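Student: got a predicted structure plus its sequence, pasted below:
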Amino acid sequence: SAVISQKPSRDICQRGTSLTIQCQVDSQVTMMFWYRQQPGQSLTLIATANQGSEATYESGFVIDKFPISRPNLTFSTLTVSNMSPEDSSIYLCSVDPAGRTEAFFGQGTRLTVV
Amino acid sequence: SQQGEEDPQALSIQEGENATMNCSYKTSINNLQWYRQNSGRGLVHLILIRSNEREKHSGRLRVTLDTSKKSSSLLITASRAADTASYFCATDGSQGAQKLVFGQGTRLTINP
């Protein structure tokens, strides 16, 4: 299994500002995934973070809005830039360790933009 | 995309009763998984069923998969108050657990 530490667990931010969310894994993983969960909705994949290369973004998500860093095999950050109230969501990081078919999730970051 | 759909969206039952949730998906899959989410926190993996399996059990959980109908069901027997949570199905393609596509989820409430 994999233990994921995600922080902050929650934050209230002013519109126009940016928030960086950190995700730390207790083992090396090739890929890390960032999801958004809007209020009352399901999870939507934002991007896949690969170590040593640019993140791969899903349709509807762009690097300028959600820049991602992946400096090593155990850590990644997601920044929510120039926030608006529509960005209020839970953001989750996830990994699927080699040899495992299930995914492991961080506890999520509940973001409220006011 | 192979966005899954789940029904019901919300389910409220008495403690001790069984809870059944359904999931449908659109395209071919390798695996279908069920996850639980408590109060908007991280997801916890419950059970995985492979495309060549029809039924799987884990404790009080029973999952079925009908690939001809592109549907799955999750049965929780003898429900407990602690089972109150949101339940999501998730499908993957040919790349294992990568890039999971989640269903809309079922909000389950167990009344004491």
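Tutor: Looks like it arrived, so ask away.
Student: and chain A, which residues reach chain B?
Tutor: When proximity is defined by CB under 8 Å from any CB of the partner chain, chain A lies next to chain B at A:4, A:6, A:31, A:33, A:37, A:41-45, A:48, A:90, A:92, A:94, A:96, A:100-108, A:110. Placement of C-beta: from N, CA and C, glycine included.
Student: in its sheet, what does the helix or strand bottoming out on mean pLDDT in chain B sit against?
Tutor: Each helix and strand of chain B was given a mean pLDDT (mean pLDDT, DSSP states H and E); the minimum falls on strand B:5-7 at a mean of 80. When pairs are called by DSSP bridges, strand B:5-7 turns out to pair with strand B:19-24 (antiparallel).
Student: quick check: mean pLDDT of the partner strand?
Tutor: What strand B:19-24 shows for mean pLDDT is 96.
Student: quickly check: the helix or strand following it near chain A or not.
Tutor: Helices and strands here follow DSSP states H and E; after strand B:19-24, the next one along the chain is strand B:31-37. Yes: Strand B:31-37 reaches chain A (CB under 8 Å from any CB) through B:31, B:33, B:35.
Student: please name the nearest non-neighbouring residue to the last one.
Tutor: Spatial nearest neighbour of residue B:35, chain neighbours left out: residue B:43 (4.2 Å); criterion: CB to CB, 6 or more residues apart in numbering or on different chains.
Student: so residue A:56 makes contact with residue A:48?
Tutor: Yes: contact criterion CB atoms under 8 Å: residue A:56 and residue A:48 qualify, at 4.6 Å.
Student: show me where pLDDT drops low in chain B?
Tutor: Across chain B, the ranges flagged by pLDDT under 70 are B:1-4, B:93-98.
Student: which residues of it lie near chain A?
Tutor: Listed as neighbours of chain A in chain B under the rule CB under 8 Å from any CB: B:31, B:33, B:35, B:40-45, B:48, B:88, B:90, B:92, B:96-105.
Student: which one of the residues of strand B:31-37 next to chain A sits closest to residue B:112?
Tutor: residue B:35 (24.4 Å; CB to CB).
Student: I'd say the residue nearest to residue B:35 and residue B:34 touch.
Tutor: No: counting by CB under 8 Å, residue B:43 stays clear of residue B:34, with 9.9 Å between them.
Student: which neighbours do those two have in common?
Tutor: Between them, residue B:43 and residue B:34 share these contacting residues under CB atoms under 8 Å, 6 or more residues apart in numbering or on different chains: residue B:88.
Student: look at these two and report which has more neighbours.
Tutor: residue B:43 (29 against 26; other CB atoms under 10 Å in any protein chain shown).
Student: pLDDT below threshold where in chain A?
Tutor: A:98-99.
Student: could you redo the last one with a cut-off of 90?
Tutor: A:1-2, A:30-31, A:40, A:50-54, A:96-103 (pLDDT under 90).
Student: number of nearby residues for the closest residue in space to residue B:90 that isn't next to it in sequence?
Tutor: In space, residue B:90 comes closest to residue B:100 once its chain neighbours are excluded; the distance is 4.2 Å by CB to CB, 6+ apart. Residues lying near residue B:100 (other CB under 10 Å) number 25.
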